[in-house]
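Visitor: here is a sequence together with a model predicted from it:
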Amino acid sequence: MPIIINPDKCTGCETCLDSCPFDAIELKDGKAYINEYCNACAACLSVCSEGAIISTESGAQTKERKQLIEDYKDVLVFAEQREGKLAPVSYELLGAGRRLADELGTGLLAALLGADESEAMELVKWGADKVLLCSDPVLEKFNDDVYSEVLAKIINEYKPSIVLAGATPIGRSFIPRVAARLRTGLTADCTSLEIDKDTKNLLQIRPAFGGNIMATILCPDYRPQMATVRPRVMKRGEYDANRTGEIINVDVDNLTPGTKVIESVKEVSEISVNLHEADIIVSGGRGVGGEKGVRMLEELAIALGGVVGASRAAIDEGWIPYSHQVGQTGKTVNPKVYIACGISGAVQHLVGMQSSDIIIAINKNPEAPIFNVATYGIVGDLFEIVPMLTKKIKEIKGT
Amino acid sequence: MNIIVCIKQVPDTAEIKINPETNTLMREGVPSIINPFDLHALEAGIELRERHGGKVTVLTMGPPQAESSLKEAISMGADEAVLLSDRAFAGSDTWATSYTLAMAIKKIGADIVFCGKQAIDGDTAQVGPETAEFLNIPHISYIRKIEEVKENTIRVQRMMDEGYDVVESPLPVLLTVVRELNQPRMPSLKGKMAAKKAEVKTMGMADIGADEECLGLKGSPTQVKSIFAPEVNADKMMIEGTPGEQVDNLIRELRNIKCL
Ligand SMILES: Cc1cc2nc3c(=O)[nH]c(=O)nc-3n(C[C@H](O)[C@H](O)[C@H](O)COP(=O)(O)OP(=O)(O)OC[C@H]3O[C@@H](n4cnc5c(N)ncnc54)[C@H](O)[C@@H]3O)c2cc1C
Ligand SMILES: Nc1ncnc2c1ncn2[C@@H]1O[C@H](COP(=O)(O)O)[C@@H](O)[C@H]1O
């Protein structure tokens, strides 16, 4: 959908220049001019009061393309395993995949590499109709090249219309290779996936520019439509121990990885924090002022039965280790309750905790952006509020 | 050893603000910088050259003004710089970007290609692995340490969720790097002089022998359909009163939602 300017209508008012996230509109000879950095995102269309900016629909799809698109039907989830056990993100992808498949009226497939039948059965109980299982021992450890080869082979054979994978170190590393090989699009870190009612295309919504804006991405002319999703962003589906499905063994021969994993080393942080599993997270930012403040939050977290998270500012200050960081370059969490204490709410932090069920913000600045996402907001000094809260909770719980 | 470092010029996203009235980005005065992760990639390339000899070429695909980032890379110690700039490259998604970079890398030739883990404007982390696929060479993502480089192999530590893997790969290979790998150096005085004199080589579609159908907006499978401001929570509840009242009210709310 290239965007063009009608020079007869353009008054050269420059309103559209700022609307462009890509710096693709310039003023030339008193008229707006679209340069080569245009991504056809349409952000400028609505800002022009003269109607001088027009989007020209791309040409109709060729017959072959239409046929190709019709040939691709199901939804496929890449089910990640570590040491033979399913990674939690797999259940979340099945939840999202089931919803999309039901809406499209198609089947839900899961591809499982390097694990056994009992794990494959788990995928069925979590919602898969068919599991494509490749238990070749070469696949037990993650290797980009063999994983790419097997998943590309499965996709070529089963022709899913949509492929979902976790935005984990594994998914983020090899899924792009698969997309490149299949000559199709891939959208990273989607926070929401919907089906377009008219075209049945997948609407892939993700943050861009450090979370300052959201973008809806489409892959209309190529198949499959591929997306990665961060752990803890989608809700798990229903578990049904009686659900039945088909397990199909995928045969591969002569899989020889180019790269070799010599050893896998586990590093457990001093205080093992499991932000991903926690129901309650008490998080601190620069406002907690130091290690003493962090200890105060720890007390509240213990009283509530939760764990402590942090903004990058608190980590950069050295008050708390990196493993506690929530946000764009830290962990994505969605606990039942997230209590943000002395955190301003920079977009890079918000993208990591926005999907929490309940957000409580305690900040002394009423203008702090954290209040924009909060369910409950308290304008106040955390050094007053937090100890009082901890004390009352302890009283109630009788601890 | 021929080393290519892929760098991208990006707006400093930490400086970007959204205009609450028009819901559009305010980019005015936002500086353009070398993608922070790519500085670590460049540092890794320079260190390898210092130890094993060879040449470091920085490569970027972007508008003519991206030349300033290439010059900055030379001032840090890169030997040569290539700018991929052509109208036909406009509007590339990660697929088309990777294809274009790979065509150029084939022309230049490399034993090791370094990329940043991700670019802070799009945060996709896809261009590295996709480029390796187009080059038909292995890649290893999230490198936090280079343990050993031999004539035909390299051994590195790759960051994983709960620790790291030690991975060995034949050369040529593409590596994407994380911050933990190193501390990027500052430009030296000598480097700044070199950057002033340096010629940035510009290449277009014909120079890299690319297929037009695979380039730019036309070659990109993904399309941006729309861009919008993140939602703000409309049902937020501000808890007023003295600190004591605020705490009591919050406790009542927490009980209502069965959190207590
Ligand atoms: C590429 C990139 C990636 C990033 N990734 C992340 C990430 O993953 N996670 C992350 O968190 N950040 C990340 N950041 C950093 C982010 O932009 C912000 O700088 C950071 O989140 C700010 O942390 P803060 O809210 O704790 O500090 P500040 O912004 O300094 O806010 C401190 C807040 O505390 C309040 N306060 C002070 N004293 C008190 C008191 N006594 N009582 C109550 N309130 C008080 C103040 O009013 C203020 O709102 C990233 C940045 C970049 C550029
Ligand atoms: N236009 C570009 N020119 C050169 N390198 C790029 C370009 N885009 C991305 N890269 C490289 O690919 C990495 C990942 O980028 P991305 O996939 O956009 O997050 C970056 O850190 C760069 O090393």
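Guide: Received it, and whenever you're ready, just let me know what you need. Ligands and ions are numbered 1, 2, ... in the order given.

Visitor: residue contacts, A:A40?
Guide: If you count contacts by C-beta atoms under 8 Å, 6 or more residues apart in numbering or on different chains, A:A40 has them with A:M1, A:P2, A:I3, A:S55, B:G91, B:L217, B:Q223, B:V224. To be clear about C-beta, it is placed using only N, CA and C from the backbone, and glycine gets the same treatment.

Visitor: next one: the last one, what pLDDT does it get?
Guide: On pLDDT, B:V224 comes in at 88.

Visitor: now do the fourth one
Guide: At A:S55, the model reports a pLDDT of 77.

Visitor: pretty sure it sits against A:L45.
Guide: Yes - judged on C-beta atoms under 8 Å, A:S55 makes contact with A:L45 at a distance of 6.1 Å.

Visitor: now do the shared contacts for these two.
Guide: Between them, A:S55 and A:L45 share the contacting residues A:I3, judged by C-beta under 8 Å, 6+ apart.

Visitor: returning to that earlier point: just the buried subset of the contacts of A:A40, please.
Guide: Among these, those classed as buried by neighbour count (16 or more other C-beta atoms under 10 Å in any protein chain shown) are A:I3, B:G91, B:L217, B:Q223, B:V224.

Visitor: can I get those in JSON lines with distance to A:I339 and secondary structure?
Guide: Compiled in JSON lines, the buried ones among the contacts of A:A40 are given as follows (distance: C-beta to C-beta, whole Å; DSSP: H, G, I helix; E, B strand; the rest coil):
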{"residue": "A:I3", "distance to A:I339": "44", "secondary structure": "strand"}
{"residue": "B:G91", "distance to A:I339": "43", "secondary structure": "coil"}
{"residue": "B:L217", "distance to A:I339": "45", "secondary structure": "helix"}
{"residue": "B:Q223", "distance to A:I339": "40", "secondary structure": "strand"}
{"residue": "B:V224", "distance to A:I339": "35", "secondary structure": "strand"}
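
Visitor: identify the farthest-apart pair in the residues you listed.
Guide: Maximum pairwise distance in the buried ones among the contacts of A:A40, criterion C-beta to C-beta, is 11.9 Å, between A:I3 and B:Q223.

Visitor: spit out the contact partners of the residue of the stretch 151-260 of chain B found nearest ligand 2.
Guide: As assessed by C-beta to the nearest ligand atom, ligand 2 sits closest to B:T176 within the stretch 151-260 of chain B, at 6.6 Å. Residues near B:T176 by C-beta under 8 Å, 6+ apart: B:41, B:114-117, B:125, B:128-129, B:139-143.

Visitor: rerun at 10 Å
Guide: By C-beta atoms under 10 Å, 6 or more residues apart in numbering or on different chains, the contact list for B:T176 reads A:172-173, B:6, B:37, B:40-41, B:113-118, B:125, B:127-129, B:131-132, B:139-143, B:158.

Visitor: regarding chain B, what is its longest helix?
Guide: helix B:36-52 (DSSP state H).

Visitor: format the CA atom coordinates belonging to that helix as PDB.
Guide: Coordinates of each C-alpha in helix B:36-52 appear next as PDB, following Å, rounded to 0.1, in the frame of the first residue of the first chain:
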ATOM      1  CA  PRO B  36      23.900   0.200  21.400                       C
ATOM      2  CA  PHE B  37      24.200  -3.600  20.900                       C
ATOM      3  CA  ASP B  38      26.100  -3.000  17.700                       C
ATOM      4  CA  LEU B  39      28.800  -1.100  19.600                       C
ATOM      5  CA  HIS B  40      29.500  -4.400  21.400                       C
ATOM      6  CA  ALA B  41      29.600  -6.200  18.100                       C
ATOM      7  CA  LEU B  42      32.100  -3.700  16.800                       C
ATOM      8  CA  GLU B  43      34.200  -4.000  19.900                       C
ATOM      9  CA  ALA B  44      34.300  -7.800  19.500                       C
ATOM     10  CA  GLY B  45      35.400  -7.400  15.900                       C
ATOM     11  CA  ILE B  46      38.100  -5.000  16.700                       C
ATOM     12  CA  GLU B  47      39.400  -7.200  19.600                       C
ATOM     13  CA  LEU B  48      39.500 -10.200  17.300                       C
ATOM     14  CA  ARG B  49      41.500  -8.300  14.700                       C
ATOM     15  CA  GLU B  50      43.900  -7.100  17.300                       C
ATOM     16  CA  ARG B  51      44.600 -10.700  18.400                       C
ATOM     17  CA  HIS B  52      44.400 -12.500  15.100                       C
END
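
Visitor: quick check: mean pLDDT of that helix?
Guide: Along helix B:36-52, the predicted confidence averages to a pLDDT of 97.

Visitor: now the angle between helix B:36-52 and the helix or strand just after that helix, please.
Guide: Toward the C-terminus, helix B:36-52 is succeeded by strand B:55-61 as the next helix or strand (DSSP states H and E). Interaxial angle of strand B:55-61 relative to helix B:36-52 (axes from the mean of the first three to the mean of the last three C-alpha atoms, to 10 degrees): 160 degrees.

Visitor: counting contacts, what elements does strand B:55-61 pack onto?
Guide: Using 3 or more C-beta pairs under 10 Å, 6 or more residues apart in numbering or on different chains; DSSP states H and E as the contact test, the elements touching strand B:55-61 are strand B:2-6, helix B:36-52, helix B:67-76, strand B:80-84, helix B:94-108, strand B:112-116, strand B:200-203.

Visitor: sorry, back to before: go through the longest helix of chain B and flag the buried ones.
Guide: Buried, per 16+ other C-beta under 10 Å, within helix B:36-52: B:36-49.

Visitor: got those as CSV, with distance to A:P257 columns?
Guide: Formatted as CSV, those follow (distance: C-beta to C-beta, whole Å):
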residue, distance to A:P257
B:P36, 31
B:F37, 26
B:D38, 28
B:L39, 31
B:H40, 26
B:A41, 24
B:L42, 29
B:E43, 29
B:A44, 23
B:G45, 25
B:I46, 30
B:E47, 27
B:L48, 24
B:R49, 28
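
Visitor: on the pLDDT front, check the closest residue to ligand 2 within the stretch 1-150 of chain B for me.
Guide: Of the residues in the stretch 1-150 of chain B, the one nearest ligand 2 is B:G116, at a distance of 2.5 Å by C-beta to the nearest ligand atom. For B:G116, the pLDDT comes out at 97.
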